[in-house]
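Student: This is a predicted model, with the sequence first.
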Amino acid sequence: MRKRVSWLKILLFTTLVLLAAGIGFGVPLGIKISRRNTIENLGYSREFAEYILKQDMYETVRDLGFNETLGKILMAPEYQVNHYEDYLQINYHEINNFLPLTNAFLDKKYAPDDINFIFERFSESEITLLSEREHIDHLQDYFAKSYARLKDLDRYLAIEGDIQEAVYEVANNLDLPEYEADETRSSFSIDMLVNKNYAVSEDFEPENLVDAGNGYRLNQEAFEAFKEMQAAAKAEGLIFEINSAYRSVAEQQSVFNAQCAQYGQAYCESHVAKPGFSEHHTGLALDVKTPHNGTFAYSKEFTWLKEHAQEYGFIWRYQESQEKYSRFAEEAWHYRYVGKELAQQVKDSGLSYDEYYITLLEASN
Ligand SMILES: [Zn+2]
């Protein structure tokens with residue numbers, strides 16, 4: 001009997017101690033540890049789990065599951081309780097100042113969906129610049145296309161009307177006068193774009209120039225392709241030959257001056273590229289002529305080239321329907337080598353090479 005009483009005493013004492021512990025710490029230690037484990041198992045840090053218990057947010061976080069942004073922001077000095085629901089919808093990004101930037105965008109009334117788009121779409125420095133601007137309405141529409149660039153935002157905003165059209169126009173520099181964009185290239189590539197807004201630098205040198213006969217020079221690959229094309233046409237009784245090929249910047253200057261002197265400023269400015277802005281600088285462009293008299297645009301050779309040039313890697317570069325983008329009047333005689341695959345794709349697209357390069361090639365690089 002004495003023994004049983006003593007066991008009861010011990011049991012009573014232990015219960016009292018546990019109760020005291022429970023009252024003292026709010027939640028009994030055992031439950032606390034199990035809750036901490038639950039939160040940690042969701043993917044949060046131990047520090048965060050302990051913080052959650054102290055803040056009495058156990059059930060909220062348990063029901064929410066793992067949210068990386070919450071895990072980063074809740075204990076940070078940047079945490080703003082009024083943005084709690086927004087934080088939950090914003091994907092965490094490993095960039096400097098993620099939290100202050102997030103707050104800056106929320107304060108500017110960007111929706112969480114816009115903020116996710118911003119972090120996905122732009123570089124760190126662009127994000128910082130954007131966070132310092134006023135709220136931009138329809139931001140996602142402006143930057144839906146990969147060729148849209150944040151540095152052009154003010155140019156987009158300056159154009160009224162359809163947003164997609166404004167972005168396309170600016171991408172193609174149509175909002176700028178000719179020769180005023182700052183796209184100057186000094187390195188050569190087969191697909192390079194040269195037009196009235198994409199110049200080559202003064203020290204630009206095309207690669208692999210070879211003698212193409214009669215004093216003309218062309219890029220070797222382009223010349224091989226031209227000879228192949230010429231032979232295929234000849235088999236059908238059609239004759240054309242090179243009338244102009246590579247021109248240095250200095251040579252272009254004299255062509256430009258001569259044409260201006262002969263035909264007047266207006267004519268030469270619309271028909272002859274200013275030095276630095278001519279495709280002939282690349283060694284990839286050539287003009288053709290037929291030995292017989294008559295306008296090339298009415299020749300059988302032109303009809304054949306329009307249909308077949310792309311099979312040899314050439315595109316008919318200046319077409320009337322594309323003048324808005326090429327900013328050149330139609331030239332039946334001018335062809336540009338870009339390689340067979342690309343030439344076919346450009347032709348199939350129905351776009352000018354200017355548009356194709358800017359909206360599809362350059363944007364994907
Ligand atoms: Zn030409």
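Tutor: On my side now, so go ahead. Residues are numbered from 1 along each chain as shown.
Student: Show me what the residue of the stretch 201-350 of the chain found nearest the ion bridges to in the sheet.
Tutor: With Cβ to the ion, the shortest gap between the stretch 201-350 of the chain and the ion falls at residue 334, namely 3.7 Å. Any C-beta I mention is one placed from the backbone N, CA and C, and that applies to glycine too. Beta-bridge partners for residue 334, by DSSP bridges, are residue 287.
Student: surely it meets residue 296?
Tutor: No. At 10.0 Å, residue 334 and residue 296 do not qualify as touching, with contact defined as Cβ atoms under 8 Å.
Student: What parts of the stretch 251-365 of the chain come near the ion?
Tutor: Counting by Cβ under 5 Å from the ion, the stretch 251-365 of the chain comes close to the ion at 287, 334.
Student: Now do the strands in the stretch 251-365 of the chain.
Tutor: 285-289, 314-318, 331-337 (DSSP state E, counting those that start in this stretch).
Student: pull the CA atoms of the longest one into PDB?
Tutor: Spelled out, that is strand 331-337. The C-alpha trace of strand 331-337 is given here as PDB (Å, rounded to 0.1, in the frame of the first residue of the first chain):
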ATOM      1  CA  GLU A 331      16.300  47.900-106.300                       C
ATOM      2  CA  ALA A 332      15.800  44.900-108.600                       C
ATOM      3  CA  TRP A 333      19.500  44.400-109.000                       C
ATOM      4  CA  HIS A 334      20.700  44.300-105.300                       C
ATOM      5  CA  TYR A 335      21.100  41.000-103.600                       C
ATOM      6  CA  ARG A 336      22.500  40.100-100.200                       C
ATOM      7  CA  TYR A 337      24.100  36.800 -99.100                       C
END
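Student: where along the stretch 201-350 of the chain do the helices fall?
Tutor: 220-234, 249-263, 265-271, 300-308, 323-326, 340-349 (DSSP state H, counting those that start in this stretch).
Student: Repeat that for the stretch 51-200 of the chain.
Tutor: Under DSSP H, counting those that start in this stretch, the stretch 51-200 of the chain gives helices at 58-64, 68-73, 84-89, 98-107, 112-121, 124-131, 139-142, 153-157, 163-171.
Student: so what secondary structure elements neighbour the fifth one?
Tutor: Other elements packing on helix 112-121 under the criterion 3 or more Cβ pairs under 8 Å, 6 or more residues apart in numbering; DSSP states H and E are helix 84-89, helix 98-107, helix 124-131, helix 139-142.
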